[in-house]
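Asks: Can you look at this prediction? I've put the sequence above it.
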Amino acid sequence: MKKLNSLTILFIVTAVMVVLMLITIQRPSQSNDDEGLLFPDLFSQLSDIDTIKVSSNQEEFTLQREGEDWYVKERWNFPADFNLAKRTLIDLADAKILERKTAKAEQYAALSVEGMEQGGDSIHLTLLNGDEAVASLILGRERELSQTGGARQFYVRRAGEESSFLAEGYLNINPLMLNWVKSEVINIARERIAQVNIIQPNGNTATLINLGKKDKFGTPEDRDKTIFKYEQLGYDIASTLFQLRMEDVQPVSDFSRGVAETVTAEFITFDGLKVTTETSFDVEDGLYFTTFKSEYNADLVSSAPEEITALGILKTAEQVKLEATELNQHLDNWVYRFGGFIGTNLMRAKADMVTEKEKVIPMPADVTGGFGS
């Protein structure tokens, strides 16, 4: 009986010790490093940050701020996507620690927080004020969750520290430099377009005009009886400059069209803005390359349809002059690469624009909720 009582007491003591140990392990730490924001002071320092460095085993590049604008240093200081840079800073400042993970270097690889030096797949993000690092993060792999929306969870480690963490936030840092470049080249509301002229190297010109109604276009000869290759082609061509995004960019000084022929397209708005594009096709690479020029021409101002005027998008002469100047400052020194849809429309000959009724290409069923929206 005494032996049994001793065993019972030993079992109870052991069970209590195990429970206490589990409570100790699972109990939230009182250290500030184990709760709250990943970078507690970052919000108050965001306005001081002028450099973002991104490093991975794919690329290393630097974003630098001048005034309110960001530029990609290794991409000829081409403008960066301002919204992406701003969102990255805010998202990092807003990231929250969920729990502490390993501090053992030999276990970093399981979370992908070992850093590039050890050949890992992590992304290293550093925010600087001048030469001083304000925050530096090694972003590891994402923790898989069943949810599809909202904040996500990542394994992270603050650079220079041994401890790693599970953090929650929108830490979607893209490791590819081209994805940080400002991709929108120009944005001219399609409703402003009164006329488009596409001029071939031999002088042959295909002209598209607004038919006096919003989003309705035709040729000067056939007007509303124009039969396009496919029903929406006139609309698509007139919409080319609306939220136009590139695939890549390079300086004019480094570019040569070689023997490729150049097609000129003129986009003329009701309020006198004229945007001229010059596009060529690289047969070897299958790529389209375009340059842009803009100007205000009072002789090109024309009466707009009533439903377009009612939109309030047309500009005064002074506004268009300023718009043309700003566009040239932004576009003058660059050659932009576009995909086949844009490139083809910028180079269309009349024979590639209109056809006979029986040769019209039928449009596929609309499953997007609205073509061109």
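Replies: In hand now; what should we look at?
Asks: Any regions of this protein where pLDDT drops low?
Replies: Scanning the chain for pLDDT under 70 picks out the ranges 1-35, 118-119, 147-150, 363-373.
Asks: Residue 48: how many residues sit nearby?
Replies: For residue 48, the tally of surrounding residues (other CB atoms under 10 Å) stands at 12. The C-beta positions use only the backbone N, C-alpha and C, and glycine is treated the same way.
Asks: start at 44 instead
Replies: OK, 44 is where the count begins now, so the last one is residue 91.
Asks: do you know how far the closest residue to it other than its chain neighbours is from residue 123?
Replies: Excluding the flanking residues, the one nearest residue 91 by CB to CB, 6 or more residues apart in numbering is residue 172, at 4.4 Å. Distance from residue 172 to residue 123, counting by CB to CB, to the nearest Å: 18 Å.
Asks: Compare these two and say which is more crowded by neighbours.
Replies: Taking other CB under 10 Å, residue 172 and residue 123 do not tie; residue 123 has more neighbours (24 against 13).
Asks: and the helix or strand where residue 387 lies, what does it pack onto?
Replies: For residue 387, the element it lies in under DSSP states H and E is helix 383-389. Where contact means 3 or more CB pairs under 8 Å, 6 or more residues apart in numbering; DSSP states H and E, helix 383-389 is packed against strand 316-325, strand 330-339.
Asks: what's the spacing between that helix and its chain's center?
Replies: When distances are taken as CA atoms, centre = their mean, to the nearest Å, helix 383-389 is centred 20 Å away from the chain's centroid.
Asks: Between its first and last residues, how far does stretch 139-158 reach?
Replies: For stretch 139-158, the first and last residues are 21 Å from each other (CA to CA, to the nearest Å).
Asks: And it, what's buried?
Replies: Residues 140-141, 143-145, 151, 154-158 are the ones in stretch 139-158 that count as buried (16 or more other CB atoms under 10 Å).
Asks: Need the residues you listed in a markdown table (columns: distance to residue 270 and secondary structure).
Replies: Listed next are these as a markdown table, based on distance: CB to CB, whole Å; DSSP: H, G, I helix; E, B strand; the rest coil:
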| residue | distance to residue 270 | secondary structure |
| --- | --- | --- |
| 140 | 63 | strand |
| 141 | 61 | strand |
| 143 | 69 | strand |
| 144 | 65 | coil |
| 145 | 68 | coil |
| 151 | 65 | helix |
| 154 | 61 | helix |
| 155 | 57 | coil |
| 156 | 61 | coil |
| 157 | 63 | coil |
| 158 | 62 | coil |
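Asks: tell me the two of those that are most distant?
Replies: 141 and 158 (21.2 Å; CB to CB).
Asks: can the helices and strands packed on helix 383-389 go into JSON lines with extra columns for mean neighbour count and distance to residue 200?
Replies: What follows is these, written out as JSON lines (neighbours: other CB atoms under 10 Å; distance: least, CB to CB, whole Å):
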{"stretch": "strand 316-325", "mean neighbour count": "21", "distance to residue 200": "44"}
{"stretch": "strand 330-339", "mean neighbour count": "20", "distance to residue 200": "41"}
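Asks: Same list, the ones you listed, but as CSV with distance to residue 251 please.
Replies: Below are the helices and strands packed on helix 383-389 laid out as CSV (distance: least, CB to CB, whole Å):
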stretch, distance to residue 251
strand 316-325, 14
strand 330-339, 18
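Asks: Residue 350: which of those strands is closest?
Replies: strand 316-325 (19.8 Å).
Asks: how far out from the middle of the chain is that closest one?
Replies: 23 Å.
Asks: One more: stretch 325-343?
Replies: 22 Å.
Asks: distance between the ends of that stretch?
Replies: 33 Å.
Asks: same thing with stretch 223-243?
Replies: 35 Å.
Asks: Could you pull up the residues touching residue 112?
Replies: Counting by CB atoms under 8 Å, 6 or more residues apart in numbering, residue 112 makes contact with 122-123, 125.
Asks: just the CA coordinates of stretch 99-117, formatted as CSV?
Replies: Taking C-alpha atoms only, stretch 99-117 is exported to CSV below (Å, rounded to 0.1, in the frame of the first residue of the first chain):
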residue,chain,number,x,y,z
SER,A,99,17.1,38.0,-53.6
ASN,A,100,18.8,35.2,-55.5
GLN,A,101,17.0,36.5,-58.6
GLU,A,102,17.9,40.2,-58.6
GLU,A,103,19.3,43.1,-56.5
PHE,A,104,18.0,46.6,-57.1
THR,A,105,17.4,50.0,-55.4
LEU,A,106,14.5,52.4,-55.3
GLN,A,107,15.4,56.0,-54.5
ARG,A,108,13.1,58.8,-53.6
GLU,A,109,13.5,62.3,-54.9
GLY,A,110,10.8,64.7,-53.5
GLU,A,111,7.6,62.7,-53.7
ASP,A,112,8.7,60.4,-56.6
TRP,A,113,10.5,57.1,-56.6
TYR,A,114,13.0,55.9,-59.2
VAL,A,115,14.6,52.5,-59.9
LYS,A,116,18.4,53.2,-59.8
GLU,A,117,19.5,50.2,-61.8
